[in-house]
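J.: Give the three-dimensional model of this entry:
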Amino acid sequence: MSVIKSFSVSDINGEQGDMFYIKHDSSNFTIIDCCLDDNDKKDIVDEIVTEKKNKDITRVISTHPDEDHICELKFLDEKIKIVNFYCVENKATKSDPSESFKYYCKLRDGEYHYYVEEGCSRCWMNENNSSQGKNYGSSGINFLWPITSNLDYKDALQKAKDGSAFNNISPIFTYSLEKGVKAIWMGDIEEDFVNKIKNHVKWPEIDILFAPHHGRDSGKVPNDVLKKLNPSVIVIGEAPAENLNYYEGYNTITQNSAKDIVFDCCLGQVHIYVSNSNYSVDFLSDERLCDRDSEFYIGSFNTHNE
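T.: Sure, this is the predicted structure:
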């Protein structure tokens, strides 16, 4: 079994952000983005330290350097020692850089970085290389974007370098469990940009879509791409309600209401828990699983790949 957790988080300025982890069924642990404030950073990082304690490989995937995706990276590094920092190769700048952005740049340009792109392969990310006697297993993570030669992507990189925009340097990647869940992340990539690049991306059928840009209208996944993805569940992240797109016609979980969301991923099935005991949806099956400490069972669904 593996676990995907989506945290309900805000940065130090009160902006709602993104932060996830995947506790893989192999000896791997993946953190996606970092958004911590003084109220929750100790609790969240303590949980991460506990959950990854028996894992040999830990990586951090940083989708892009907006503050609500990198806040308190230094604190995270001090507690877990980041030795695998995944990001797209970029030269993003800011005219008034925060301490978190400075730390992002330190990790991005430092000795422990790994630059991701479409089709990249790496031991224990999507390869299982036991030739040195280390059998940590594959993480099942694959990058569908960026294609670094793409002109629209090069334009996005230039805007990041100029310090004018960062959303569209976000990578697109999936996590897959053999005979089980497939989930996709797209960072804060914007709808207009996806419309430019969609014919260059090999879109798979997936089970969970973490809606880009926290579920905002500006990050709405185009309808033709949604049809290819065919998600069983769309997670709409946290943002002001008036800015959200609720993906009419699809099954959704709204993090504004559900708060923390945990996906227990088994062979052919996913069980979902949330931290808001009053939250419910009507599209999941009831496997009559028990609630856990601060996690309340709301239902289950079968994956496409059973």
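
J.: Per-residue pLDDT of the residue lying closest to Glu295 once chain neighbours are set aside, please?
T.: The shortest distance from Glu295 to any non-neighbouring residue, by Cβ to Cβ, 6 or more residues apart in numbering, is to Tyr273 (4.0 Å). (Each C-beta comes from the backbone N, C-alpha and C, glycine too.) If you check Tyr273, the pLDDT there is 98.

J.: hang on, Tyr273 in a helix?
T.: No: read with DSSP: H, G, I helix; E, B strand; the rest coil, Tyr273 is strand and lies in no helix.

J.: Dig out what it forms beta bridges with.
T.: In this structure, Tyr273 bridges to Val262, Tyr297 when assessed by DSSP bridges.

J.: Roughly how far does it sit from Leu284?
T.: Separation of Tyr273 from Leu284 (Cβ to Cβ, to the nearest Å): 11 Å.

J.: Overlap in contacts, these two.
T.: Ile298 (Cβ atoms under 8 Å, 6 or more residues apart in numbering).

J.: Nearest residue to Tyr114 in space, ignoring adjacent ones along the chain?
T.: Nearest one to Tyr114, counting by Cβ to Cβ, 6+ apart, is Tyr86 at 5.1 Å.

J.: Ile189 now?
T.: Here the residue nearest Ile189, using Cβ to Cβ, 6+ apart, is Ser170, at 4.4 Å.

J.: I'd say the one you found and Gly187 touch.
T.: Yes: in this structure, Ser170 is within contact of Gly187 by Cβ atoms under 8 Å, at 2.6 Å.

J.: Now do the shared contacts for the two.
T.: Counting by Cβ under 8 Å, 6+ apart, the residues touching both Ser170 and Gly187 are 63-64, 212.

J.: Where do the helices of the stretch 201-306 of the chain begin and end?
T.: For the stretch 201-306 of the chain, the helices defined by DSSP state H, counting those that start in this stretch occupy 223-229, 255-258.

J.: Just say which of those helices is most tucked in.
T.: helix 255-258 (a mean of 21; mean count of other Cβ atoms under 10 Å).

J.: so what secondary structure elements neighbour that helix?
T.: Packing partners of helix 255-258 (3 or more Cβ pairs under 8 Å, 6 or more residues apart in numbering; DSSP states H and E): strand 233-236.

J.: residues contacting Asp40?
T.: So Asp40 contacts Val9 (Cβ under 8 Å, 6+ apart).

J.: try 10 Å
T.: Applying Cβ atoms under 10 Å, 6 or more residues apart in numbering to Asp40 gives the contacts 7-10, 19, 47, 72.

J.: still on that earlier bit, contacting residues around the residue nearest to Glu295?
T.: Contact partners of Tyr273, counting by Cβ under 10 Å, 6+ apart, are 3, 5, 258, 260-264, 289, 291-292, 294-299.

J.: Could you measure from it over to Val3?
T.: Tyr273 is 10 Å from Val3, by Cβ to Cβ.

J.: so what sits against both of the two?
T.: Common contacts of Tyr273 and Val3 (Cβ under 10 Å, 6+ apart): 262-264.

J.: top of those by neighbour count?
T.: Phe263 (23 neighbours; other Cβ atoms under 10 Å).
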